[in-house]
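Trainee: what's the 3D shape of this:
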Amino acid sequence: MKLTNILLKSAVLVQVLLLATTTAITTAAEKHETSIQTEIQIPTLTNKSSTMTNEPNPPTWPESVIIVHGHKDEAAKAKLNQTQDAWLEEHSTFTCDYHFSNRRWAVLFAPDVYHDVEFEVGYYVQVAGLGTSPEDVQFHTAKGPYVPSLNRHLHKGGSGTCLDTFWRSGENFANHAEDGMTWAVSQASPLRRVHVAKDLYLHDKDAYASGGHLANSVVHGHTHFGGQQQYLSRNVELGNGTSGGAWGMVYVGCSGQVPEPAKGNATSAAITVVETPPVRVEKPYVAMQTDGHTFELRVPQATYDKADAVRPLIHGDLEEARDFSRVRVATSTDSTASLQEALDAGKDLVLSPGIYPLAQTLQIRMDHQVILGLGLATLVSPLGAPCIHVHPGTAGVRIAGVMLEAPVVHGTIENATHWSLLEWGTEGVQDLGNPQSPGSMFDVFCRVGGATLPEARDRISIDTMVRIHSGHVIGDNLWLWRADHAELGHEEDVNCPHVSPVFWQTEEGEFTVGTGIEVTGNDVTMYGLAVEHASGHQTVWKGERGSVYFYQCEFPYDVGADFGTAGYRGYLVDENVETHQAYSVGIYSNFRNEKVKVSTAIEHPDKDTIRIENPFTVHLDNHGDIESLVNGKGRPAVLQGVPTRLD
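Mentor: Residues are numbered from 1 along each chain as shown. Alright, predicted model coming up:
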């Protein structure tokens, strides 16, 4: 990572000269003006070599990928039970036993109509259709894929919980079940590109749920949010309205019966409606070709067209189809060198489900390359370096469906002061980005700690989870999580039984993270950003014209009073920033060990060009409080579970 500026600038120049189809580099002001005022025709851009060695199509899928070849494929359907969460027969409930397991699964359905499929989507499981439209894979009669609340036996009244229902996804299918579809989850469990013919239940009765992400979908019935604390619906057609939601509900580019905007109060959620997002890119996905045998990678293109910004795009619209002969399908047994070799050859990289301990950082140097993880494929960072580095001057890169994890550190690591799990661009190198072909991230989840032995808890530590130096980068559903709880060791007792009887509660000095995310690039846009439990500032934004649509944040539980006196913030916009906007910024406190007082949750320069809409704070539990909301304004958050808003 420690390249000189001269070498970096030379590399950028070479890349620019190689790309005949890219636009000339302009000033930041010119790029911003173009991206806002012009409807841009998006070209199909590529710099892949025509002489590269072809990959096999179909690829050799590992056992962690279950492909169901139609409704008569009984052998594949019989495997679905093994992907579910652990079942506790005595109490008739799925449990959180696999919360920190090494299991990873992708369940992929070939185009067909399925009448007899019903299974719970467990931890680290991705369920996806292989069509180019959700209607190509239909579930009828039975429930199809679903997620109920977990651990019913541990909660009063048998309600269970959705608070720890993380790390799973549902994509690219249609659910026609008469009783609707249940997807009762919290963070890192998105629904994308789905069609729900009846009602959609994003909760499970009285079970607590803390947030979620629904994107590029159609719900013909009613959408029930229940007690979800916050939720982002992006480019969703809401056929029969919505109800529920506790504190902050966000609708971006939605159509149909979208609720009216509301400021919210102590007992009702704020409703934030952004009718037309400024730019839109959808997540890449895998599809089966019409021969029912081979595969292609579908790569949606960026659009600024206002007509395309407000509706689902679920029928192959604005997509490039890339044959799998140019896609390397990797397994967790592949060496890091082989993954890098594929990228350097200009191939896209599909990571099959598994855990990938990286020996070196994966370097993306070519435009429009895709790294797509299936089944929550997990990259474990090499010591002192990020999992992925996108080089400056590289347009149109897509990173999607991956978990990035910090490793256990043995001894001292040199030059790791700015160690991050994802580095987009390079510190000190100006990269304006390409508004015609922005870089983008989808369902990127960072985890620091949690899945480790007790003796290693104080040996997991990084500086910042994500750093974005380049301009015109889009994020869509990022959860950056310093673990607030961890797996118990063998015969280890819980340390806070009143909080959880099944997990270790993180103590100060364990799983340390300095900052959640730092953005220095200009024109960076986030649709759904959650940052939790960093030991310092949660988010630091230094770039110009940044936009965040939905922000969810929890301060760390384990810190002492000095966390408050140090002046750490949940959302910090640098004093030199001129223009910034953020919608539905929710910041929570739950200081478990000491009476911590944070003077203000959000801090930004006092300028008319900086806009924070519908912010709020919540005192979840325990000690201390957040004394004000924005720049010292707003009442303290002291009443448990009651949001504090600006008057």
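
Trainee: Just to be sure, residue 557 is in a helix?
Mentor: No. Judged by DSSP: H, G, I helix; E, B strand; the rest coil, residue 557 forms no part of a helix; its state is coil.

Trainee: which residues touch it?
Mentor: 484, 505, 506, 533, 590, 591, 592, 593, 622 (C-beta atoms under 8 Å, 6 or more residues apart in numbering). Using the backbone N, CA and C atoms, a C-beta is placed for each residue, glycine as well.

Trainee: residues contacting the third one?
Mentor: Spelled out, that is residue 506. 449, 457, 482, 483, 484, 485, 486, 533, 557, 558.

Trainee: cool, the first one as well?
Mentor: Applying C-beta under 8 Å, 6+ apart, we find residue 484 in contact with 505, 506, 532, 533, 554, 556, 557, 558.

Trainee: For the closest residue to the first one other than its chain neighbours, grab the count of nearby residues.
Mentor: In this case it means residue 505. The shortest distance from residue 505 to any residue other than its chain neighbours is 4.2 Å, reached at residue 496 (C-beta to C-beta, 6 or more residues apart in numbering). Residues within reach of residue 496, counting by other C-beta atoms under 10 Å, total 16.

Trainee: One more: residue 221?
Mentor: Applying other C-beta under 10 Å, we find 17 residues neighbouring residue 221.

Trainee: right, and residue 437 touches residue 369 too?
Mentor: No. Checked against C-beta atoms under 8 Å, the pair residue 437 and residue 369 is beyond contact range at 11.8 Å.

Trainee: what about residue 564, helix or strand, and which?
Mentor: Counting by DSSP states H and E, the element that carries residue 564 is helix 562-565.

Trainee: If you count neighbours, what's buried in stretch 150-159?
Mentor: Within stretch 150-159, the residues scored as buried using 16 or more other C-beta atoms under 10 Å are 150, 151, 152, 154, 155, 158, 159.

Trainee: Residue 382 touches residue 360, doesn't it?
Mentor: Yes. Taking contacts as C-beta under 8 Å, residue 382 lies within contact range of residue 360: 5.6 Å.

Trainee: Quick check on these two: which one has the bigger neighbour count.
Mentor: The residue with more neighbours, out of residue 382 and residue 360, is residue 382; 17 against 13, by other C-beta under 10 Å.

Trainee: wait, what's in contact with that one?
Mentor: Listed by C-beta under 8 Å, 6+ apart, the contact set of residue 382 reads 336, 358, 359, 360, 361, 407.

Trainee: contacting residues for the fifth one?
Mentor: In this case it means residue 361. Residues in contact with residue 361 (C-beta under 8 Å, 6+ apart) are 1, 382, 385, 386, 387, 388, 389, 423.

Trainee: Pipe the residues you listed into TSV and attach distance to residue 402 and secondary structure per row.
Mentor: What follows is the contacts of residue 361, written out as TSV (distance: C-beta to C-beta, whole Å; DSSP: H, G, I helix; E, B strand; the rest coil):
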residue	distance to residue 402	secondary structure
1	19	coil
382	15	coil
385	16	coil
386	12	coil
387	8	coil
388	8	strand
389	14	strand
423	14	strand
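
Trainee: Looking at the residue nearest to residue 505 now. What's its pLDDT?
Mentor: For residue 496, the pLDDT comes out at 94.

Trainee: can you tell me how far it sits from residue 485?
Mentor: 9 Å (C-beta to C-beta, to the nearest Å).

Trainee: The nearest residue to residue 87 once chain neighbours are set aside and residue 198, how far apart?
Mentor: Sequence neighbours aside, residue 94 is the residue nearest to residue 87 in space, at 5.8 Å (criterion: C-beta to C-beta, 6+ apart). Separation of residue 94 from residue 198 (C-beta to C-beta): 23 Å.

Trainee: Need the mean per-residue confidence for stretch 427-436.
Mentor: Stretch 427-436 carries an average pLDDT of 96.

Trainee: okay, how far is it across that stretch, tip to tip?
Mentor: Terminal residues of stretch 427-436 lie 23 Å apart, using C-alpha to C-alpha, to the nearest Å.

Trainee: For residue 222, give me the backbone phi and psi.
Mentor: Phi and psi for residue 222, reported as degrees, to the nearest 10, are phi -90, psi 140.

Trainee: Enumerate every residue touching residue 424.
Mentor: 389, 390, 439, 466, 467, 468, 469, 470, 473, 521.

Trainee: Pick the one among these closest to residue 105.
Mentor: residue 466 (25.9 Å; C-beta to C-beta).

Trainee: Helix or strand for that closest one, just tell me which one.
Mentor: Applying DSSP H and E, one finds residue 466 within strand 461-468.

Trainee: Can I get that strand as CSV, trimmed to CA atoms?
Mentor: Output in CSV follows, covering the C-alpha atoms of strand 461-468 (Å, rounded to 0.1, in the frame of the first residue of the first chain):
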residue,chain,number,x,y,z
SER,A,461,-7.6,-4.3,16.5
ILE,A,462,-7.7,-2.1,13.4
ASP,A,463,-7.8,1.6,12.8
THR,A,464,-10.7,2.2,10.5
MET,A,465,-13.1,-0.3,8.9
VAL,A,466,-13.6,1.5,5.6
ARG,A,467,-11.8,4.4,4.0
ILE,A,468,-13.0,6.1,0.8
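
Trainee: what angle separates the helix or strand following that strand from strand 461-468?
Mentor: Reading on from strand 461-468 to the C-terminus, the next helix or strand found by DSSP H and E is strand 473-482. Angle, strand 473-482 to strand 461-468, by axes from the mean of the first three to the mean of the last three C-alpha atoms, to 10 degrees: 160 degrees.

Trainee: mind listing what strand 473-482 pairs with, with the direction of each?
Mentor: strand 439-448 (parallel), strand 525-532 (parallel) (DSSP bridges).

Trainee: list the contacts for the closest residue to residue 427 other than its chain neighbours?
Mentor: Closest residue in space to residue 427, ignoring its immediate chain neighbours: residue 469 at 5.8 Å, by C-beta to C-beta, 6+ apart. Shown in contact with residue 469 (C-beta under 8 Å, 6+ apart): 392, 423, 424, 425, 426, 427, 429, 431, 520, 521.

Trainee: Out of the residues you listed, flag the one nearest to residue 274.
Mentor: residue 521 (21.5 Å).

Trainee: Look up how far residue 202 lies from that closest one.
Mentor: For residue 521 relative to residue 202 (C-beta to C-beta), the value is 33 Å.

Trainee: The two: which has the busier surroundings?
Mentor: Taking neighbours as other C-beta under 10 Å, residue 521 and residue 202 compare with residue 202 leading, 27 against 24.

Trainee: Can you check the pLDDT for the closest residue to that one other than its chain neighbours?
Mentor: Nearest in space to residue 202, with sequence neighbours left out and distances taken as C-beta to C-beta, 6+ apart, is residue 225 at 5.3 Å. On the pLDDT scale, residue 225 is placed at 98.

Trainee: picking up where we left off before, go through the contacts of residue 469 and flag which are in strands.
Mentor: 423, 424 (DSSP state E).

Trainee: Neighbour-wise, give me the winner out of the contacts of residue 469.
Mentor: Neighbour max across these (other C-beta under 10 Å) = residue 424, 30 neighbours.

Trainee: Run through the bridge partners of that residue.
Mentor: residue 390, residue 468.

Trainee: For the helix or strand hosting residue 402, enumerate the helices and strands it packs against.
Mentor: Element membership for residue 402 (DSSP H and E) is strand 398-405. Applying 3 or more C-beta pairs under 8 Å, 6 or more residues apart in numbering; DSSP states H and E, we find strand 398-405 packed against strand 370-380, strand 388-390, strand 439-448.

Trainee: Run the chain-centre distance for the last one.
Mentor: Centroid separation between strand 439-448 and its chain, computed with C-alpha atoms, centre = their mean, to the nearest Å, is 5 Å.

Trainee: before we move on, back to that, mind putting the contacts of residue 382 into CSV with pLDDT?
Mentor: Converted to CSV, the contacts of residue 382 look like this (pLDDT from 0 to 100):
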residue, pLDDT
336, 98
358, 98
359, 97
360, 97
361, 98
407, 95
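
Trainee: any idea how this protein splits into domains?
Mentor: With domains defined by automatic domain parsing, the chain comprises 65-103+110-274, 349-558.

Trainee: and those as CSV, adding distance to residue 614?
Mentor: Formatted as CSV, the domains of the chain follow (distance: least, C-beta to C-beta, whole Å):
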stretch, distance to residue 614
domain 65-103+110-274, 4
domain 349-558, 10
